[in-house]
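Participant: give me coordinates for this.
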Amino acid sequence: MKKIIAELEERGFKKEAAILRQILAYGYSLLKFKGTDNEIKALREWLDSLRLSYGKAPKGLKEEFKWLQFLQRQFDVAKEYNIPVNVNNIKAVLSRWNKSTIDKIQNALSGTNKETELRLKNATYINNSLLNTSKFKELAKKLDNFINNLKGFHAKALKKPLTVHFVKKSVLKSKAKYKSDKDEIYIRPDYIKISDNYGSFSYILVHELGHRYLKLFGKSLKTNFSYPEWYTTPYSKKQTMSEEEPFAELFALSHWASKYTEYKEKINKFIKILK
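Facilitator: Coordinates of the predicted model:
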């Protein structure tokens, strides 16, 4: 990573170089981990800066990747059960590492590999799947072209920069998912097929953007869409913790309003509210 930072500075990308330098400093600081609140926060931010959505370890990183996933689980368990992070478990892992370990991890997972990231007009696409570079770029461009056609309140869900991760089946059971805490969309490229049919990836993508719309603008909505009066498709009736599926389904259906005539009345009411 030091080489990458030097190249960025030489090319005049000082802001980007500073960000990577800060991430590197975070990594090195973990080698002196004692378990303070600031150190726990630094570890969480460092883990968030890495690409840990790989289904398996990148080449040459098998052992380190296993322990990175272990560290990530400490935070997942703490959040799920509302308990403190297990500091002793973290210390046991970090005490094994040195600066060369941090360098090795960040060179492979910090997101500096241009072959795994593509910034297009409407989103940044990150490849953590089995797709080769050529196929990844092809699919990312197709998705970006589709997103570019969104108008009105559908396009409003793209008001902030969007990040889309391509991940493996082993990482994501569903076809796609909006990660509210990270404000990112995860998708399985093995399922991507651009079409207007119900359940196609373009439909599912708009559905996930519906979840993002609620994240960005939900507080301004005066209507509660979780009630049965807003149910449409069978999936809209799915019970989830967020109770957002009726809204997300209508968000997608309304993009092809003339196609789904069986839900015409509810779609029209939905459009009227969001316009």
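
Participant: could you pull out the helices for the stretch 101-250 of the chain?
Facilitator: 133-148, 152-156, 201-217, 245-253 (DSSP state H, counting those that start in this stretch).

Participant: closest one to residue 73 among these?
Facilitator: Checking these against residue 73 by CB to CB gives helix 201-217 as the closest, at 24.7 Å. (Glycine included, C-beta is placed from N, CA and C.)

Participant: which other helices and strands does the lengthiest helix in the chain contact?
Facilitator: Longest helix of the chain, by residue count under DSSP state H: helix 62-81. With contacts taken as 3 or more CB pairs under 8 Å, 6 or more residues apart in numbering; DSSP states H and E, helix 62-81 sits against helix 37-48, helix 87-94, helix 99-109.

Participant: contacts for the first one?
Facilitator: By CB atoms under 8 Å, 6 or more residues apart in numbering, the surrounding residues in contact with helix 37-48 are 23, 26-27, 29-30, 33, 68, 71-72, 75, 85, 87, 90, 182.

Participant: mind listing what's buried along that helix?
Facilitator: Of the residues in helix 37-48, 39-40, 42-44, 46-47 count as buried by neighbour count, 16 or more other CB atoms under 10 Å.

Participant: how far is that helix from where the chain is centred?
Facilitator: Chain-centre distance of helix 37-48: 19 Å, with CA atoms, centre = their mean, to the nearest Å.

Participant: what does the second one give?
Facilitator: Mean C-alpha position of helix 87-94 versus that of the full chain (CA atoms, centre = their mean) differs by 27 Å.

Participant: residue 85 is in contact with residue 75, isn't it?
Facilitator: Yes. Here residue 85 reaches residue 75: they are 6.1 Å apart, a contact under CB atoms under 8 Å.

Participant: so where's this structure uncertain?
Facilitator: 1-26, 53-56, 110-115, 191-196 (pLDDT under 70).

Participant: and it, what are its domains?
Facilitator: The chain breaks down into these domains under automatic domain parsing: 2-112, 115-274.

Participant: among the ones you listed, show me which one is buried the most.
Facilitator: Looking across these with neighbours counted as mean count of other CB atoms under 10 Å, the highest average goes to domain 115-274: a mean of 17.

Participant: correct me if wrong: residue 101 contacts residue 65.
Facilitator: No. Taking contacts as CB under 8 Å, residue 101 lies outside contact range of residue 65: 11.7 Å.

Participant: and the residue nearest to residue 158 when sequence neighbours are not counted, how close does it get to residue 93?
Facilitator: Take residue 158 and drop its neighbours on the chain: the residue closest to it by CB to CB, 6 or more residues apart in numbering is residue 122, 6.0 Å away. Separation of residue 122 from residue 93 (CB to CB, to the nearest Å) stands at 38 Å.
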